[in-house]
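Asks: I would like the atomic coordinates for the input below:
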Amino acid sequence: MNFYMEVAKLRAARRLWAHVMKEKFAPGNPKSLLLRTHCQTSGYSLQAQDPYNNIVRTTVEAMAAVMGGTQSLHTNSFDEAIALPTDFSARIARNTQLILQHETGIPKTVDPWAGSYLMERLTHDIYEAAKAIVDEVEAAGGMAKAVEAGMPKLRIEECAARKQARLDAGTDVVVGVNKFTLPNDDNVDVLRIDNVAVRQSQVEKLSRVRAARDEAAVAAALAALREAAVGEHAPPPRNLLGACVEAARVRATLGELSATSRMCSGGTVRG
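Replies: Below you'll find the predicted structure:
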């Protein structure tokens, strides 16, 4: 990860969002020009080798997100390259955010990199490169056409191949993986889940929910969901999300909601 690049990405993304919104939609409310962003620290950077290094990686990535101006942040646990997080690793991930929030003073400045030649230039370069890609996609007929032509997949594969080549050559260093490796791996306690027990618990919970709910109300809510999913055949069209919320309130299950929506996939789904 390039720390400066990650900060600049968010700054460039806000500029690009405002440009596209203003140019394409000319919104009456200036708040529509504000890009609100959720960031999650990288799963790709997490390594199974010498995994405690992942704590530092996550901290640096979280700092980049905060300095870049994210509105929401998720920090990964250090053991997620090995298994699901334990309570211990999840607490460290949470406390990483709390330390950045309460002990560093970083959140007290809106844009600490403003005016830095390095950051402003990098932000500009990323903005121009990203805008060129957006224009290319638009010229191709939109994102759906670009996906159909395989453009995003090809670009991602090219980038991944170049990155892997740099790692294999040692040009890009990953501490504990291709340089500064340990002679023996650390033993890390991992979370082990009994899938059979979890499934049985979920089946029992579903049985209790179905036994206690009003089946007539559920049937009516699912019928309303079908109408919302078909849309144009049931004027006026309803909001699909709203219909799902109403069905969930009478304890329709996620499986029932999904199955009902799939049955109507030939219609216009609105949500």
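Asks: tell me the SS of residue 39?
Replies: strand (DSSP: H, G, I helix; E, B strand; the rest coil).
Asks: can you tell me how far it sits from residue 59?
Replies: Note on residue 39: its distance to residue 59, by C-beta to C-beta, to the nearest Å, is 14 Å. Where you see a C-beta, it was placed from the backbone N, CA and C, and this is true even at glycine.
Asks: How far does stretch 53-69 sit from its chain's centre?
Replies: Stretch 53-69 has its C-alpha centroid displaced from the chain centroid by 15 Å (C-alpha atoms, centre = their mean, to the nearest Å).
Asks: Stretch 99-109 too?
Replies: With C-alpha atoms, centre = their mean as the basis, stretch 99-109 stands 23 Å off its chain's centre.
Asks: now swap in stretch 71-89 and tell me
Replies: Using C-alpha atoms, centre = their mean, the offset of stretch 71-89 from its chain centre is 14 Å.
Asks: what distance separates the start and the end of it?
Replies: Stretch 71-89 has an end-to-end distance of 24 Å (C-alpha to C-alpha, to the nearest Å).
Asks: mind listing the helices in this structure by residue range?
Replies: 3-24, 53-68, 87-102, 117-139, 143-149, 151-169, 195-212, 215-230, 240-249, 254-263 (DSSP state H).
Asks: would JSON lines of these with mean neighbour count be doable?
Replies: Putting those into JSON lines (neighbours: other C-beta atoms under 10 Å) gives the following:
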{"stretch": "helix 3-24", "mean neighbour count": "17"}
{"stretch": "helix 53-68", "mean neighbour count": "20"}
{"stretch": "helix 87-102", "mean neighbour count": "16"}
{"stretch": "helix 117-139", "mean neighbour count": "14"}
{"stretch": "helix 143-149", "mean neighbour count": "13"}
{"stretch": "helix 151-169", "mean neighbour count": "11"}
{"stretch": "helix 195-212", "mean neighbour count": "10"}
{"stretch": "helix 215-230", "mean neighbour count": "18"}
{"stretch": "helix 240-249", "mean neighbour count": "16"}
{"stretch": "helix 254-263", "mean neighbour count": "14"}
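Asks: With distance to residue 187 and mean pLDDT added, can I get those in TSV?
Replies: As requested, these are exported to TSV (distance: least, C-beta to C-beta, whole Å; pLDDT from 0 to 100):
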stretch	distance to residue 187	mean pLDDT
helix 3-24	31	96
helix 53-68	15	97
helix 87-102	14	97
helix 117-139	41	97
helix 143-149	44	95
helix 151-169	26	96
helix 195-212	24	95
helix 215-230	49	92
helix 240-249	43	93
helix 254-263	38	90
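Asks: out of those, which comes closest to residue 183?
Replies: Proximity of the helices of the chain to residue 183 was assessed by C-beta to C-beta; the nearest stretch is helix 53-68, lying at 15.6 Å.
Asks: how about the CA coordinates for that closest one, as CSV?
Replies: Listed next in CSV are the C-alpha coordinates belonging to helix 53-68 (Å, rounded to 0.1, in the frame of the first residue of the first chain):
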residue,chain,number,x,y,z
ASN,A,53,2.3,-7.4,11.3
ASN,A,54,-1.3,-7.0,10.1
ILE,A,55,-2.1,-4.8,13.1
VAL,A,56,0.4,-2.2,11.8
ARG,A,57,-0.8,-2.5,8.3
THR,A,58,-4.4,-2.0,9.3
THR,A,59,-3.4,1.0,11.5
VAL,A,60,-1.6,2.7,8.6
GLU,A,61,-4.5,2.0,6.2
ALA,A,62,-7.0,3.4,8.7
MET,A,63,-4.9,6.5,9.1
ALA,A,64,-4.9,7.0,5.3
ALA,A,65,-8.7,6.7,5.2
VAL,A,66,-9.2,9.2,8.1
MET,A,67,-6.7,11.7,6.5
GLY,A,68,-8.4,11.2,3.2
